[in-house]
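[1] Quick check, what structure comes out for this input:
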Amino acid sequence: MKELISAWLTEQGISAAYLSITTTTISGLIIFILCALSYYFAKHQVLTVVHRLVIASRNSWDDLLIEHKVFTRIALLFPLIVLLFLIPHLLPTQSLFSYFLTVVAKVGITFQVARAISALLNTANSLYDKSSSKRYLPINATVQLIKLVVYIVATILAISFVLDKSPVYLLSGLGALTAVLLLIFQDTIKGLVASIQISANRMVAPGDWIEMPKYGADGDVVEIGLNTVKVKNFDHTVTTIPTYALVSESFKNWRGMAVSGGRRIKRSIIIDVNSVHFCDQQELNELNNVALLKGYLVEKQQQLQLSNQQNGIDENDRVNARNLTNIGTFRAYIEVYLQQHTKVHKQMTCMVRQLPASPTGLPLELYFFTNDTVWANYENIQADIFDHLFAMAKHFNLRIFQQPSGYDWQATR
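    This is a model prediction of the structure:
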């Protein structure tokens, strides 16, 4: 082809001094036009047909190929291949321009193949995430490692094309750079080892709620990568944590709570000690009107009467006789109330215990689990239960302790 162009230029009367330059210019222009045409044909004709076929198909996995631009990156190979094919046919083999275009074509093909492989790996990762039931085995870190290797190989090949040396020649010199490479990729190596340990030990998986105060992380794990783990916090900010930090440092994973189906409530009601006393008959008569306490009061009064009779103690003796206390009765009421509550988990621990008294009063701690782990629902259930108990305390003649406020000081005047 280049001989035909030279012959045609000679017939047109082009002098020998300008023949080579003119031939190269025309050949380069032809190459540019043909590459542009091949690019247009690949992108606007072939890709359009391929996309229509993919959209028309019933499969869902091939849609991911479009989403990750696999076909687009493959299509960009066509003008580069055309360029590499036309160079020896249109340009002088020994010219500097021919060598430059050849290197550009080879380097472009190398990196474009690497980009196409990267897109295929992204497609495989997305397909795995959508179809795999084992979310504790994320392959994102493995995919990133393979992509890193692919780009390293592409870079070595590109350098070998530029230097016109064999890749083996370049690899032979990597031994002396091992220490430098280990220093550069130390985070990547630690991240790879950490990601393997995380997957093998099922420490954390995408979708888990984790807390890591050191890094300000409190939210759901979005992605586990080779070097970083992305956590979407509940305020919609994103915290990035080094992958190896999940192995070398401590963090809290709330996965067990979500899997168990129960979320713990551990909260106290502080009772004013001065309001604690034995229940008299009038109080017991009033408490008998509380439906949840009827069974408890009947059983407990029978036990106390039997105990006092066996010990020969008068029931009216407030010092020696066994009597019901208002705080004990209130504690029994709370237990029955929680056991019959529809939002309290019946198969998990449910108890009300009395903690040591403190300068602020006598704590009654409620320890139980809700059967709804959704945060908003959990908070509503907790609030409803304590709203009810705070309101019920006065029916047992108990006072909830709180620090004196301005209103309290005004009331003492």
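
[2] Helix, strand or coil: sort out Tyr337 for me.
    With DSSP: H, G, I helix; E, B strand; the rest coil as the basis, Tyr337 sits in helix.

[3] Chain neighbours aside, what residue packs nearest to it?
    Leu292 (5.9 Å; Cβ to Cβ, 6 or more residues apart in numbering). Every residue, glycine included, has its C-beta placed from N, CA and C.

[4] and that neighbour, backbone torsions?
    phi -70, psi -20 (degrees, to the nearest 10).

[5] Go ahead and confirm it touches Tyr333.
    Yes: using Cβ atoms under 8 Å, Leu292 makes contact with Tyr333 at a distance of 6.1 Å.

[6] Give the bridge partners for the spatially most central residue of the chain, please.
    The chain has Val221 as the residue nearest its centroid, 1.5 Å off, counting by Cα atoms, centre = their mean. Beta-bridge partners recorded for Val221 (DSSP bridges): Val231.

[7] so it makes contact with Met212?
    No: taking Cβ under 8 Å as the definition, Val221 is not a contact partner of Met212, at 10.4 Å.

[8] who touches both of the two?
    Counting by Cβ atoms under 8 Å, 6 or more residues apart in numbering, the common neighbours of Val221 and Met212 are Val231.

[9] Break down this structure into its strands, ranges please.
    209-212, 217-224, 228-233, 238-242, 252-253, 263-271, 351-354, 362-370 (DSSP state E).

[10] got a markdown table for these, with distance to Lys147 too?
    A markdown table is the format used below for the strands of the chain (distance: least, Cβ to Cβ, whole Å):
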| stretch | distance to Lys147 |
| --- | --- |
| strand 209-212 | 26 |
| strand 217-224 | 15 |
| strand 228-233 | 15 |
| strand 238-242 | 19 |
| strand 252-253 | 28 |
| strand 263-271 | 39 |
| strand 351-354 | 53 |
| strand 362-370 | 44 |
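
[11] any chance of the ones you listed in TSV, with mean pLDDT and distance to Leu34 too?
    Compiled in TSV, the strands of the chain are given as follows (pLDDT from 0 to 100; distance: least, Cβ to Cβ, whole Å):
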stretch	mean pLDDT	distance to Leu34
strand 209-212	91	56
strand 217-224	89	43
strand 228-233	91	44
strand 238-242	91	46
strand 252-253	90	59
strand 263-271	94	67
strand 351-354	94	83
strand 362-370	95	71
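
[12] Which among those strands is found nearest to Asn308?
    Closest of the strands of the chain to Asn308 is strand 351-354, at 23.7 Å (criterion: Cβ to Cβ).

[13] Please compute how far that closest one lies from its chain's middle.
    Remark: strand 351-354 is offset 37 Å from the chain centroid, using Cα atoms, centre = their mean, to the nearest Å.

[14] Can you list the buried residues in that strand?
    Of the residues in strand 351-354, Val352 count as buried by neighbour count, 16 or more other Cβ atoms under 10 Å.

[15] let's have the chain start at 636 instead
    With 636 as the first residue, the last one maps to strand 986-989.

[16] strand partners of that strand, parallel vs antiparallel please.
    With DSSP bridges as the test, strand 986-989 is paired with strand 997-1005 (antiparallel).

[17] residues of the partner strand that come out buried?
    For strand 997-1005, burial by neighbour count (16+ other Cβ under 10 Å) applies to 997-999, 1001-1005.

[18] Isn't Leu718 up against Leu672?
    No: Leu718 is beyond contact range of Leu672, at 11.9 Å (criterion: Cβ under 8 Å).

[19] So those two - more neighbours on which side?
    Leu718 (21 against 12; other Cβ atoms under 10 Å).

[20] so what's that one up against?
    By Cβ under 8 Å, 6+ apart, the neighbours of Leu718 are 666, 670, 736, 739-740, 743.

[21] how close does the residue nearest to Asn961 when sequence neighbours are not counted sit to Ser910?
    Closest residue to Asn961 apart from its sequence neighbours, by Cβ to Cβ, 6+ apart: Phe1031 at 4.6 Å. Using Cβ to Cβ, to the nearest Å, Phe1031 is found at 9 Å from Ser910.

[22] Which of the two has more residues huddled nearby?
    Phe1031 (24 against 18).

[23] Wait, that one touches Gly963, no?
    No: shown here, Phe1031 and Gly963 do not form a contact pair, counting by Cβ under 8 Å, at 9.7 Å.

[24] what's stretch 665-674 in contact with?
    By Cβ under 8 Å, 6+ apart, stretch 665-674 touches 711, 713-714, 717-718, 721-722, 725-726, 736.

[25] shouldn't Cys985 be in contact with Gln975?
    No: using Cβ under 8 Å as the test, Cys985 is too far from Gln975 to be in contact (10.8 Å).

[26] of those two, who's got more company?
    In terms of neighbours (other Cβ under 10 Å), Cys985 is the more surrounded of Cys985 and Gln975; the figures are 17 against 11.

[27] list the contacts for that one?
    By Cβ under 8 Å, 6+ apart, the residues touching Cys985 are 970, 973-974, 979, 1002-1004.

[28] export these to TSV and tack on distance to Ser942?
    Rendered in TSV, the data for the contacts of Cys985 read as follows (distance: Cβ to Cβ, whole Å):
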residue	distance to Ser942
Glu970	21
Leu973	27
Gln974	26
Val979	32
Tyr1002	29
Phe1003	30
Phe1004	35
